[in-house]
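A.B. asks: fold the following, please.
(2 chains)
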Amino acid sequence: MSDLRELYQDVILEHSKTPRNFRQLQSANHKAEGYNPLCGDHFTVYLDLEGDSIRDISFEGSGCAISKASASMMTQTLKGKSKEEAAKLFEQFHKLVTGQPNGDREDLGKLAVFAGVSEFPVRVKCATLAWHTLQAALEGKQEKVSTE
Amino acid sequence: MSTATNSMPKEFHPSMAGAAETAYNVEEIRRDFPILHQQVHGHPLVYLDNAATSQKPRAVIDAISRYYESGNANIHRGVHFLSEHATEEHEAARRTVQSFLNAADKREIIFVRSATEGVNLVAQTYGRAHVGPGDELLISAMEHHSNIVPWQLLCEEKGARLRVIPINDRGELHMEELPKLLTPQTKLLAITHVSNALGTINPLRKIVEIAHKHKVPVIVDGAQAAPHIKIDVQALDADFYVFSGHKVYGPTGIGVLYGKLALLDAMPPYQGGGDMIRSVTFEKTLYNDLPYKFEAGTPNIGGAIGLGAALDYVTRLGIDNIAAHEHDLLTYATGSLEAIPGVHIIGTAKEKAAVVSYVIDGIHPHDIGTILDREGIAVRTGHHCAQPVMQRFKIPATARASFGLYNTRAEVDALVQGIKKVKEVFA
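C.D. replies: Residues are numbered from 1 along each chain as shown, chains lettered A, B, ... in the order given. Model (predicted):
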């Protein structure tokens, strides 16, 4: 049970039940869909970018507790960050959930609760789905979100 | 049904199969499966993922080992002792399959890699020869991707259209829609015998009868049926029937395509190569007789022998006894799971195999799967390669417990305790 508690920490369960920034973003100028065909998890990440800065960020979709909590806490963490900071955090987060040594763990702040994922290799994709989707949205560059 | 009786002798004979139900001693049977006796995350393994693949009895493992230890040779062409012996064993396995399906002729039994390959073979040979622009292929809303995608590929190539028999909220076919969907353009009906995601057993005999009235041949995906119910291709009057070895306690990499002799005979070959030819010149190649015309290259000889041993094993236990035992587990599991608040079973057909797909309010199936795994319980979570079924029920995924001939009521109890643990974690 102890590694399960490591995985399903209270903060994670709380975010999965009441995800933050869980909505479509009217002001979004970037978005991307992330899909894990293996398990059916499906999220859309919306970004309001002003230059290199993430002015606002939100997400929508469905997935397991880990993927949803990860998406929720990612949006909380990234609001106001630069693209470069976001990329760096993703790198650190990825190291964290795959159990790789990481010197800058303290930068992750609250995201460190996902350390337990490294004991569950099949769940790494769940924890990183929103981040991969974010990356796609950032790389979508000038593509405007359609308004239909 | 009692599972505690000790009356069954260790080796019992086919004549005894189908005898008293009490002869089914599940504890005795479990000893035939070495893999079951292990701990997973500190708990005894509870293997409830039989619809994905089944575990193998000692008889199958031994048959495969014996073949590689003392019988391995290439078949059909050798004049030496081992080659003759391997050929004999391979063909004996074909006769075992023939008898398992009650096929009229052993030439109707084609060894393939899997049920999936069997469907693709029919799509690429019979399908390409008979389907043209504007034609229709009919499938059902409960098909596994392996009985959807090969037909979509064919439709794309030929400019044909895929049509779908809908299902109701219990996961049963809307049978009244079937005659309406069989049009003069319908060239083939591809339907599953038993749904992998819902457990529904389709009224196949009736379906084939209706299709044949409209002069539409039927290919049946029997991957989930073979381990659980008696199959009689002649009584069903199925034109094609496919199943996989690994789901019926045999090895992976071997499957069977049954086809009516006249249909197979008229079909062009699937793959070219050795074994499927009678003579080859650069001007003209003559194809071999059935079934070899469809078995290009050195086949999976060890796999066929292992499959033969698996079907012998199942027959020895008696498929009706297995079905009765599994039905008991299904009834027990359905009742036990329904009694847990927040648990909902997806797929509640009147005729069902021992598959229990379920969801829990507010908890995603993946989280269920991870927590059950830590209790040593193996279930499947996800869309079960049947995304249209998930879309039909407006759910992203389910957790699925699927039972086999060696599962017990105690394992159902373990599942129930596991689900309670899941709810505790998420409380």
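
A.B. asks: distance of the residue of chain A found nearest chain B from residue A:57?
C.D. replies: For chain A and chain B, the shortest gap (C-beta to the nearest C-beta) falls at residue A:64, measuring 3.8 Å. All C-beta atoms are positioned from the backbone trio N, CA, C, and that covers glycine. Counting by C-beta to C-beta, to the nearest Å, the separation of residue A:64 from residue A:57 is 21 Å.

A.B. asks: so which residues of the stretch 301-427 of chain B form helices?
C.D. replies: Assigned by DSSP state H, counting those that start in this stretch, the stretch 301-427 of chain B shows helices spanning B:301-317, B:319-338, B:365-374, B:387-392, B:409-425.

A.B. asks: ok, residue B:272 - contacts?
C.D. replies: With contact taken as C-beta atoms under 8 Å, 6 or more residues apart in numbering or on different chains, residue B:272 is in contact with B:285, B:296.

A.B. asks: got a pLDDT number for it?
C.D. replies: For residue B:272, the pLDDT comes out at 91.

A.B. asks: assign it to helix, strand or coil.
C.D. replies: coil (DSSP: H, G, I helix; E, B strand; the rest coil).

A.B. asks: spell out which parts of chain A neighbour chain B.
C.D. replies: A:1, A:3-5, A:7-8, A:13, A:17, A:38-42, A:62-66, A:68, A:120, A:122-123, A:126 (C-beta under 8 Å from any C-beta of the partner chain).

A.B. asks: now with 6 Å, please.
C.D. replies: Residues of chain A lying close to chain B (C-beta under 6 Å from any C-beta of the partner chain) are A:4, A:8, A:39, A:40, A:62, A:64, A:65.

A.B. asks: who in the stretch 301-427 of chain B is up against chain A?
C.D. replies: Counting by C-beta under 6 Å from any C-beta, the residues of the stretch 301-427 of chain B near chain A are B:364, B:366, B:367, B:374, B:382, B:383, B:396, B:397, B:425.

A.B. asks: can you put these in TSV and add distance to residue B:270, neighbour count and pLDDT?
C.D. replies: Converted to TSV, those look like this (distance: C-beta to C-beta, whole Å; neighbours: other C-beta atoms under 10 Å in any protein chain shown; pLDDT from 0 to 100):
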residue	distance to residue B:270	neighbour count	pLDDT
B:364	41	27	94
B:366	38	26	93
B:367	43	28	95
B:374	45	20	96
B:382	31	23	86
B:383	29	22	85
B:396	36	21	85
B:397	34	25	90
B:425	49	19	94
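
A.B. asks: identify, from those residues, the entry nearest to residue B:60.
C.D. replies: Among these, residue B:382 lies closest to residue B:60 (C-beta to C-beta), at 27.4 Å.

A.B. asks: tell me the contacts of that closest one?
C.D. replies: Counting by C-beta atoms under 6 Å, 6 or more residues apart in numbering or on different chains, residue B:382 makes contact with A:39, B:397.

A.B. asks: swap in 10 Å and give it another go.
C.D. replies: Neighbour list for residue B:382: A:36-41, B:197, B:365-366, B:369, B:390, B:396-400 [criterion: C-beta atoms under 10 Å, 6 or more residues apart in numbering or on different chains].

A.B. asks: ranges for the helices of the stretch 1-150 of chain B?
C.D. replies: Counting by DSSP H, counting those that start in this stretch, the stretch 1-150 of chain B has helices at residues B:26-30, B:58-66, B:81-101, B:115-122, B:128-130, B:149-158.

A.B. asks: what domains does the record give for chain B?
C.D. replies: Domains of chain B are assigned by automatic domain parsing as B:14-31+B:318-425, B:61-315.

A.B. asks: and the residue most central in space within chain B, helix, strand or coil?
C.D. replies: When C-alpha atoms, centre = their mean is applied to chain B, the residue found nearest the centroid is residue B:223 (1.6 Å). Per three-state DSSP, the local secondary structure of residue B:223 is coil.

A.B. asks: count of residues packed around the residue lying closest to it once chain neighbours are set aside?
C.D. replies: Spatially, and ignoring its direct neighbours in sequence, residue B:223 is nearest to residue B:115 (4.1 Å; C-beta to C-beta, 6 or more residues apart in numbering or on different chains). By the criterion of other C-beta atoms under 10 Å in any protein chain shown, residue B:115 has 28 neighbours.
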